[in-house]
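K.L.:
one predicted model, sequence on top.
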Amino acid sequence: MNLTLKIWRQTNAQDKGKLVDYKVNDISPDMSFLDMLDVLNDQLIVKGEDAVAFDHDCREGICGMCSLFINGEAHGPDRGVTTCQLHMRMFKDGDTIYIEPFRAKAFPVIKDLVVDRSSFDRIQHAGGFISVNTSGNTQDANSIPVPKHDADRAFDAATCIGCGACVATCKNSSAMLFVSAKVSQFALLPQGKIEAADRVLNMVNQMDTEGFGNCTNTGACEVECPKGISLENIARMNREYLKASI
Amino acid sequence: MALDSKIPNGPISDKWTDYKNHINLVNPANKRNIDVIVVGTGLAGGSAAATLAELGYNVKAFCFQDSPRRAHSIAAQGGINAAKNYQGDGDSTFRLFYDTVKGGDYRSREANVHRLAEVSANIIDQCVAQGVPFARDYGGLLDNRSFGGVLVSRTFYAKGQTGQQLLLGAYSAMNRQIGRGKIKMYNRHEMLDLVKVDGKARGIIARNLVTGEIERHSAHAVVIASGGYGNVFFLSTNAMGSNVTAAWKIHKKGAFFANPCYTQIHPTCIPVSGDHQSKLTLMSESLRNDGRIWVPKKLEDAQAIREGKLKPTQLAEEDRDYYLERRYPSFGNLVPRDVASRAAKERCDAGFGVNKTGEAVYLDFASAIQRYGKEQAKIKHLDENDADLVKQLGTEVVANKYGNLFQMYDKIVDENPYQTPMMIYPAVHYTMGGTWVDYNLQTTIPGCFSIGESNFSDHGANRLGASALMQGLADGYFVLPYTIGDYLSADIRTGKISIDLPEFEEAEKNVKNQIDALLSTNGTKPVDYFHKRLGKIMWDKVGMARNEQGLKEAQEEIAQIREEFYKDVLIPGTADSFNPELAKALRVADFLELGELFAKDALHRNESCGGHFREEYQTEDGEAMRDDENFAYVAAWEYKGNPSDAVLHKEDLKFENVKLVQRSYK
């Protein structure tokens, strides 16, 4: 199929940036979206133009490095996938596709479609851990039984890949879904309960410092999350926060 | 130079404990004055960085991704082995040790493997304490599954995302230390050279991938944890950015490179669909617990399936060839990876392949869905003769175990694997070879260590499933933090290493020159053009089956592509900006050298063992034929300018606790 791409080009953080039109032809429906961008880049390079910069690594939907706002949706029109798992069979011959970076104050653009998400890391530095040193002499793993139901819910929260789709989707650029996923994982496990109060206060404080917006319970983040992280986590984080604050 | 593996004396089960009791330690006050660089933040690098920082060292950690959490360990699906014997099925440290040595086709170092088996149980304890949400059963205790090449259930898992959960555990331990200032994290940085001062590793030259700036970083020791080099094949299950550069740069500075030809071709990957493809996707080995592998028994059925005239579900049970169950009745679908891969290739080469290209076999869950469905019906007191109900209940169980893998398959292939069998084919997945290290995990460069997939040490010629995660975390959490202390104890009075030393200046100049030369080539072809050509040669001639003629041709052809690359590569952009094409070119330049050494190593090893299969050396029924008399050694190559000039050093492997026999899974 033949497509028209309208891609955000921005040389660096200082540049104003603009949408530029490109054409790609003979795209196979079996290609992934990023395979298609590879084809475009090879075309551009041979023509002597600069390749379109975009983040990607594992290309199997688990590392969380790829991003892209495609036709106004984080990770494009499919559900439950990252951009690297989005296939061209979701589009039709002759389509025009808008490709933009994840936009948020806390995610400044580095170049073209690449943004700086180190604010996410800094939130994790503030409390996204259990304070246990590596000794190998911790108690036997089976001496901490965890009800299967809790373990499964902790796991579901822990599958967040930190891509930032929730922030890019949210009208307030809120990071609540991301932060609550980690807070929930540990709040649901006996190992994490000891530091639960400090953790939630510190992580939320860092989230505010980074310039993310507030949550107004729209729920768009849950819809667009490639890993289906549940809104329930935000409710749990609010409870944890309240508990820790009084 | 003679290779000294520094294996401690004494009985194998006491070596590690005795050794730890006698090595030198660094006192806590002195650790504050010692810097350590860790390159790579996967399971090995992340766990090492966190542990070294907890001990009190000043750690500088580097990764090329935008966050340490992205390292490719995250993509490991199936599980992690540990000799916990929670299932009471007779597992023990010795059994894990024995299975790993046998699985590696008797080409690994006994002492290292035994240590790995010893610390395996600690890993699970540590990870649970960190809040890693492993799968549990209804009593709240940890669940296990079984993996290839073993007869016990010792694999701990978190659905199909075990690597993700373990990596996020190591990442959280790192975050705690980053927050305390004990780890200084350098995201989006790539190591481009090692700096040696008076023969010792004292720092690195790194490129800031955002600004393009070339930076000098000094330390008292350098730890390479940069993963494997499977991307030399272009198409592999590795991440796009996975590369050999850090390991190759230390090789060029004097670290021997061991057994480069030992590559794992994983049997269950989604088949290649066309030339446009940039990477391959793995379907976890854990699926072989419940999936049965088959091809049609009759050639005409295979052809009809390829032409779309017949559906696999229409084929009667007696017309299917469950070839692994037929050839290997005692291990069945759970034979080790090298055996399963070769068996798939054998059937496809014989004309029984089931996709358009004829390079795919089926992985079928219909029997598992039936089995689980009946079990559930019984538990829930429902009618176990109601076919629809049984299917629905069985599907739920399978979805609960492998849901994310089935979803991945569906998205890529556009077929529902609950309804029709998956199509799979082998693909490059892991490299057992890597930088040579001694018992301390130190390379042949003093002060330069190598851990995880980037070293050669524990898996011999074939890695068993769920052992990579075990090795990465064992090295990083429990081995390196001790052994590096023994080396650093001599450095407590050294003081800060200056980055103004002439050695730093020279290394920086060389890196800048290489970048300038690449950018000014201004040829006609993008980097991928060369990488794809290299990959095709590697797959055709240095892949699942190798022979003398093909390997000789491969060496020549790779040298030829390398020459063309330096004359004709076209890289857009500048050196002092965010330039992914330049970063890619620097990596491919190293793959073009490694590929040739890889073929040279495969050519010299006149035997078949594990993942290294030479067509000249096979038994009548197509099994690998080892030559223990002449090849029971580690081939460690010394860099001499050109890959073809590399000099071979041998570390003889002594087997005192495991008897060398022909590996049989029949």
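P.N.:
Everything's here; your move.
K.L.:
going forward, measure contacts and count neighbours with C-alpha atoms only.
P.N.:
Noted.
K.L.:
what's the residue positioned nearest the centre of chain A in contact with, if anything?
P.N.:
The structure's chain A has its C-alpha centroid closest to A:Cys163; by C-alpha atoms, centre = their mean the separation is 1.9 Å. By C-alpha atoms under 8 Å, 6 or more residues apart in numbering or on different chains, A:Cys163 lies in contact with A:Gly64, A:Met65, A:Cys66, A:Ser67.
K.L.:
swap in B:Asn112?
P.N.:
Neighbouring residues of B:Asn112 by C-alpha under 8 Å, 6+ apart: B:Tyr439, B:Ser457, B:Asp458.
K.L.:
quick one: the residue in chain B positioned nearest to chain A from A:Asn41, how far?
P.N.:
Using C-alpha to the nearest C-alpha, the closest approach of chain B to chain A is made by B:Ala239 at 3.9 Å. Look at B:Ala239 and A:Asn41: by C-alpha to C-alpha, to the nearest Å, they are 19 Å apart.
K.L.:
for the residue located most distally from the centre of chain A, which non-adjacent residue is spatially closest?
P.N.:
Ranked by distance from the centre of chain A (C-alpha atoms, centre = their mean), the top residue is A:Asn137, with 35.2 Å. Spatial nearest neighbour of A:Asn137, excluding adjacent residues (C-alpha to C-alpha, 6 or more residues apart in numbering or on different chains): B:Asn122 at 7.2 Å.
K.L.:
span of stretch A:71-82 from start to end?
P.N.:
In stretch A:71-82, first residue to last residue: 14 Å (C-alpha to C-alpha).
K.L.:
residues of it that come out buried?
P.N.:
A:Glu73, A:Ala74, A:His75, A:Gly76, A:Pro77, A:Asp78, A:Gly80, A:Val81, A:Thr82 (16 or more other C-alpha atoms under 10 Å in any protein chain shown).
K.L.:
I would like the residues contacting that stretch, please.
P.N.:
So stretch A:71-82 is in contact with A:61, A:64, A:66-70, A:83, A:86, A:90, A:97-99, A:102, A:165, A:168-169, A:223-228, going by C-alpha under 8 Å, 6+ apart.
K.L.:
and chain B, which of the residues you listed contact it?
P.N.:
A:Gly64, A:Leu86 (C-alpha under 8 Å from any C-alpha of the partner chain).
K.L.:
got a quick PyMOL command for the buried subset of the contacts of stretch A:71-82?
P.N.:
Here the buried members of the contacts of stretch A:71-82 are turned into a PyMOL selection, burial being counted by 16+ other C-alpha under 10 Å:
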select buried, chain A and resi 61+64+66+67+68+69+70+83+86+97+98+99+102+165+168+169+223+224+225+226+227+228
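K.L.:
mind listing which of the contacts of stretch A:71-82 are in strands?
P.N.:
A:Phe69, A:Ile70, A:Ile97, A:Tyr98, A:Ile99 (DSSP state E).
K.L.:
rewinding a little: could you say which helix or strand holds the residue nearest to A:Asn137?
P.N.:
Secondary-structure assignment from DSSP states H and E places B:Asn122 in helix B:110-129.
K.L.:
helices and strands around the helix or strand just after that helix, which ones?
P.N.:
Sequence order places strand B:155-156 as the next helix or strand after helix B:110-129, per DSSP H and E. In terms of contacts (3 or more C-alpha pairs under 8 Å, 6 or more residues apart in numbering or on different chains; DSSP states H and E), strand B:155-156 is packed against strand B:80-81.
K.L.:
contacting residues around the strand it packs on?
P.N.:
With contacts defined as C-alpha under 8 Å, 6+ apart, strand B:80-81 is touched by B:Ser120, B:Arg154, B:Thr155, B:Phe156, B:Tyr157, B:Thr162, B:Ala466, B:Ser467, B:Ala468, B:Leu469, B:Met470.
K.L.:
quickly check the residues you listed for the two that are furthest apart.
P.N.:
B:Ser120 and B:Thr162 (15.3 Å; C-alpha to C-alpha).
K.L.:
what about B:Val197, how many residues nearby?
P.N.:
B:Val197: 14 surrounding residues under other C-alpha atoms under 10 Å in any protein chain shown.
K.L.:
beta-bridge partners for it, please?
P.N.:
B:Lys200 (DSSP bridges).
K.L.:
report pLDDT for it.
P.N.:
Looking at B:Val197, its pLDDT stands at 98.
K.L.:
so it makes contact with B:Asp500?
P.N.:
No: contact criterion C-alpha atoms under 8 Å: B:Val197 and B:Asp500 do not qualify, at 11.7 Å.
K.L.:
how about stretch A:134-150: buried residues?
P.N.:
Within stretch A:134-150, judged by 16+ other C-alpha under 10 Å, the buried ones are A:Thr134, A:Gly136, A:Thr138, A:Asp140, A:Ala141, A:Asn142, A:Ile144, A:Pro145, A:Val146, A:Pro147, A:Lys148, A:Asp150.
K.L.:
nearest spatial neighbour of the most centrally placed residue in chain B, chain-adjacent residues omitted?
P.N.:
Chain B has B:Tyr430 as the residue nearest its centroid, 3.4 Å off, counting by C-alpha atoms, centre = their mean. The shortest distance from B:Tyr430 to any non-neighbouring residue, by C-alpha to C-alpha, 6+ apart, is to B:Gln264 (5.0 Å).
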